[in-house]
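>>> okay, here's the prediction I keep looking at, along with the sequence it came from:
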Amino acid sequence: NIARAIESLDRLKKLYAADPSNLYLAEQLLRASSNIAGFLADRQQYGKASELLEATITEARRLIKEKKGSHELASCMGDAAVDLSFCHLKLGNVEAAKRLEVEVIEPLAEEFQTQKWDTPEDHMQQAFFDLVRGELASRSGEGQRAREFCRRSIDRLEENLRVRNFPAEKASYGEALAKFGNVLARIGEIKSGLEYIKRGLVIMRPLLDANLTLTRGDLSAEISEAEDNLR
């Protein structure tokens, strides 16, 4: 229930305002904020989701600048940055997505590498950093760079699925395959692009109809977009 989630977020804001030096509360607040934005994006409320995600990133960057960063804080900001990038693209704000890539996603990707964060969740996040960067590279006409980023994203997701075959991660893998297919088509590799889109749809369609806990609005939108691209 979005209304209850927002009420819980408001309570966290009040607790954090009363104890602004509490890093644990900050992490909880930013994670809750990012999650609620994800729910809004799942319902195609990209404008509202973007506002919440921008606020999440701004606060996370402030804490990091004050040397209060942590793995959880970087993870929250990474999730928010990836979701905000895709919200910008859904709204047609390509330049905003490119600025976010340069200002937030690229430094975060470097930080994950420097810190050698290596959990399956870290691999997922790095995979989506790469997917965003590949998508944006393809829109700038950088075909080789786009292909390399997307291929690395797919490899990371496949490795995760070998470790733990979670339905949500399988859905993300299907979405990534379809997006990679569209990237390949955009840079002129039509035949390969068609095959990747088809592979993505083969994975996503059964998951939409299964009795599983998934972000169905987002998955349904991704399937519709992939079907449009395939046509």
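Yep, that arrived. Numbering: from 1, shown residues only.

>>> the residue nearest the centre of the chain and residue 144, how far apart?
Taking CA atoms, centre = their mean as the criterion, residue 82 is the residue nearest the geometric centre of the chain, at 3.5 Å. From residue 82 over to residue 144 the distance is 23 Å, taken as CB to CB, to the nearest Å. Yep, even glycine has a C-beta here, placed from its N, CA and C like the rest.

>>> next, the contact list for the nearest residue in space to residue 148 that is not next to it in sequence, please.
Excluding the flanking residues, the one nearest residue 148 by CB to CB, 6 or more residues apart in numbering is residue 134, at 7.6 Å. Residue 134 makes contact with 145-150, 153, 180, 183, according to CB atoms under 8 Å, 6 or more residues apart in numbering.

>>> sort out for me which of those residues are in strands.
Members of the contacts of residue 134 lying in strands (criterion: DSSP state E): none.

>>> show me how to select, in ChimeraX, the buried members of those.
To isolate the buried members of the contacts of residue 134 in ChimeraX, using 16 or more other CB atoms under 10 Å:
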select :145,146,147,149,150,153,180,183
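
>>> and which of the contacts of residue 134 is nearest residue 28?
Nearest to residue 28 among the contacts of residue 134: residue 153, at 28.8 Å, using CB to CB.

>>> quick check, that closest one in contact with residue 127.
Yes. With contacts counted by CB atoms under 8 Å, residue 153 reaches residue 127, the gap being 4.5 Å.

>>> any common contacting residues for those two?
In contact with both residue 153 and residue 127: residue 176, using CB under 8 Å, 6+ apart.

>>> give the other helices and strands that whichever strand or helix holds residue 73 contacts.
In this structure, residue 73 sits in helix 71-90 according to DSSP states H and E. Secondary structure elements in contact with helix 71-90, counted by 3 or more CB pairs under 8 Å, 6 or more residues apart in numbering; DSSP states H and E, are helix 23-42, helix 46-65, helix 94-100, helix 106-115, helix 120-139.

>>> any idea how many residues pack against residue 202?
12 (other CB atoms under 10 Å).

>>> quick one: low-confidence residue ranges for the chain.
Across the chain, the ranges flagged by pLDDT under 70 are 1, 211-217.

>>> switch to 80 and redo it
1-3, 209-218 (pLDDT under 80).

>>> hmm, back to that, make a markdown table from the contacts of residue 134 and add distance to residue 226 to it.
Listed next are the contacts of residue 134 as a markdown table, based on distance: CB to CB, whole Å:
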| residue | distance to residue 226 |
| --- | --- |
| 145 | 23 |
| 146 | 18 |
| 147 | 18 |
| 148 | 22 |
| 149 | 19 |
| 150 | 15 |
| 153 | 16 |
| 180 | 11 |
| 183 | 12 |
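
>>> filter the contacts of residue 134 down to the ones in helices?
Per DSSP state H, helices hold the following members of the contacts of residue 134: 145-150, 153, 180, 183.

>>> picking that back up, was I right about the residue nearest to the centre of the chain contacting residue 132?
Yes. Assessed by CB under 8 Å, residue 82 is found in contact with residue 132 at 5.9 Å.

>>> quickly list what's touching both of the two.
residue 105.

>>> how about the nearest residue to residue 182 once chain neighbours are set aside, phi and psi?
Take residue 182 and drop its neighbours on the chain: the residue closest to it by CB to CB, 6+ apart is residue 229, 4.8 Å away. Recorded main-chain torsions at residue 229 are phi -60, psi -40, according to degrees, to the nearest 10.

>>> so who does residue 229 touch?
Residue 229 touches 178, 181-182, 185, 197, counting by CB under 8 Å, 6+ apart.

>>> which of those sits closest to residue 90?
Nearest to residue 90 among those is residue 182, at 13.7 Å by CB to CB.
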